[in-house]
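**Student:** Just a sequence and a predicted model for now, questions to come.
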Amino acid sequence: MFRPARLTPRSAVLVGAALLGVSGAALLGVGLGDGHPGAAHAAAVAVPTEAQPTTAPADRSDEPTPTPVARYTPSSAVHLVVPAVGMDLPLLGLTPEDGVINPPLLTAGYWIEPYGAPVPAPEDATNTLYIAAHSAGRGHDGFDPLLTRDHTGSALEAGDVVQVRTPQGTADYTVDHTQRYGKDELPGASEVWEAVPGRLVLITCFQRADGRHSTENLVVFAESS
């Protein structure tokens, strides 16, 4: 589990996140810096300052992590649709607990509520929209369709369309590029955590064939169309 160090006003608004995958589980740790201009444009629910740790995290990748169970597919008026891979995933909001996000289901994607929220048109956005979901390596759970069948690469390419459908309208984004990050690299990847209104960032983990803890994340960068 990763918990970000306390951020300073000079820090990027979203620096401090990592995805860990353990037999289909994914954990995303996030932190919101005190006094940063981007904080004013975040969604209503913010990570409590007192919940943020004051020291850099230790590497606990060998610790067991509970695997969420996909007991049902939730109903949501907001969906993430990626025609190129045949994905239509319900989206729900998720608020970090103690600075850590752990999506409870394998059958949904989750936008990080302290930051950008789904909007009917990208020009309505005030921040980057971050959506995280599990991948279990079975091909149909969460963000599994975003990965190649062998779970070693991205199934998305530059130019692929990603849609966020809301009751008020559909925001279209175009994939710019995808990038692999080691789980310890992601927190400091400033290009990921820039607050860019109208941008969409998808994050999931690569599952390892030997069943051991995931050590890498897939990040998909998409820009408004």
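**Tutor:** It's in.
**Student:** So which residues of this structure form helices?
**Tutor:** Per DSSP state H, the chain carries helices over the ranges 190-193.
**Student:** Pairing partners for the strand ranked longest in it, with directions?
**Tutor:** Criterion DSSP state E: the longest strand present in the chain is strand 169-182. Counting by DSSP bridges, the strands paired with strand 169-182 are strand 161-166 (antiparallel), strand 216-224 (antiparallel).
**Student:** Enumerate the beta-bridge partners assigned to G169.
**Tutor:** With DSSP bridges as the rule, G169 is bridged to T166.
**Student:** Please read the previous query as pertaining to D88.
**Tutor:** V81.
**Student:** from what I can see it touches T73, true?
**Tutor:** No: between D88 and T73 there is no contact under Cβ atoms under 8 Å: 10.4 Å. From N, CA and C alone the C-beta is placed, and that goes for glycine too.
**Student:** Tell me the buried residues in stretch 151-166?
**Tutor:** For stretch 151-166, the neighbour count (16 or more other Cβ atoms under 10 Å) marks 151, 154-156, 160, 162-166 as buried.
**Student:** what sits against P74?
**Tutor:** 90, 92, 105, 107-108 (Cβ atoms under 8 Å, 6 or more residues apart in numbering).
**Student:** Ranking by neighbours, what's the top pick from those?
**Tutor:** Highest neighbour count within the contacts of P74, by other Cβ atoms under 10 Å: A108, with 24 neighbours.
**Student:** Name all residues that make contact with that one.
**Tutor:** Neighbouring residues of A108 by Cβ under 8 Å, 6+ apart: 73-74, 76, 89-92, 133, 142.
**Student:** okay, now N127: neighbour count?
**Tutor:** Residues near N127, counting by other Cβ under 10 Å, number 24.
**Student:** That one and G198 touch, don't they?
**Tutor:** No: between N127 and G198 there is no contact under Cβ under 8 Å: 9.1 Å.
**Student:** Need the buried residues of stretch 151-166 in JSON lines (columns: pLDDT).
**Tutor:** As requested, the buried residues of stretch 151-166 are exported to JSON lines (pLDDT from 0 to 100):
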{"residue": "H151", "pLDDT": "81"}
{"residue": "S154", "pLDDT": "95"}
{"residue": "A155", "pLDDT": "95"}
{"residue": "L156", "pLDDT": "97"}
{"residue": "D160", "pLDDT": "98"}
{"residue": "V162", "pLDDT": "98"}
{"residue": "Q163", "pLDDT": "98"}
{"residue": "V164", "pLDDT": "98"}
{"residue": "R165", "pLDDT": "97"}
{"residue": "T166", "pLDDT": "97"}
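**Student:** And L80, what's its pLDDT?
**Tutor:** Listed pLDDT for L80 reads 98.
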